[in-house]
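J.: Sequence plus predicted model, see below.
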Amino acid sequence: MNQAGLVSFASLFLCAGNALAQPADKEPAAVVELGGAAAWNVKGGSSFGPAVAVEVTPIENWLELEAGVAPLFAPHSTEWDTDLLFKKPWTLSKKAEFMLGVGPEWAHATKYGVTTNSVSGEAVLDFMYWPSARHRFGWYLEPGYEYSFGRGHEKSLGISGGLLIAIP
């Protein structure tokens, strides 16, 4: 290992102690959501896949921004959904939170070899549960509704859920 790599590696351990020593009531810099997603088109058909998102809080108790991506797979088709949600948070208890969010979504779909791109509007309900009051790890469940502004104006119901990881 070269000297620069050794210094970088050692600094990770020095900084990790300070990051983990933050007060329990301090808001994390970001929250990572890792999980799975499912979508059901109102006209028929369903798709499933992994989901990942990052959430930040620019205005405490008023606004949270979530950027996420989910590749959804169905027979003969793949769809990559990328969204930016603007959420209003409500703290229900030290361990539970609820958010209502809306925002745009971009979908890149390939079905039977034909590729399409479309813009949609999305609305979600976000339920978060943190087993510990320290909010280091938790669970989320996020049902939602999408309306495509593209040809056909597709409508779909979806749900995602999984693990929350707070980034100090």
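T.: All right, it came through fine.
J.: Spatially central residue in the chain, please.
T.: Ala53 (2.9 Å; Cα atoms, centre = their mean).
J.: My guess is that one contacts Glu64. True?
T.: No - counting by Cβ atoms under 8 Å, Ala53 stays clear of Glu64, with 11.1 Å between them. (Each C-beta comes from the backbone N, C-alpha and C, glycine too.)
J.: re earlier: the helix or strand harbouring the residue nearest to the centre of the chain packs against which elements?
T.: For Ala53, the element it lies in under DSSP states H and E is strand 46-59. Here strand 46-59 touches strand 30-41, strand 63-74, strand 77-91, going by 3 or more Cβ pairs under 8 Å, 6 or more residues apart in numbering; DSSP states H and E.
J.: CA-only coordinates of it in CSV, if you can.
T.: C-alpha atoms of strand 46-59 as CSV (Å, rounded to 0.1, in the frame of the first residue of the first chain):
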residue,chain,number,x,y,z
SER,A,46,-46.8,-5.9,-12.5
SER,A,47,-43.1,-5.5,-12.1
PHE,A,48,-40.6,-6.0,-9.2
GLY,A,49,-37.1,-5.0,-8.4
PRO,A,50,-34.6,-3.4,-5.9
ALA,A,51,-34.9,0.2,-4.8
VAL,A,52,-32.3,2.7,-3.4
ALA,A,53,-32.8,6.3,-2.4
VAL,A,54,-31.1,9.1,-0.4
GLU,A,55,-33.1,11.5,1.7
VAL,A,56,-31.8,14.9,3.1
THR,A,57,-33.5,17.5,5.3
PRO,A,58,-32.9,21.1,4.1
ILE,A,59,-35.6,22.6,6.3
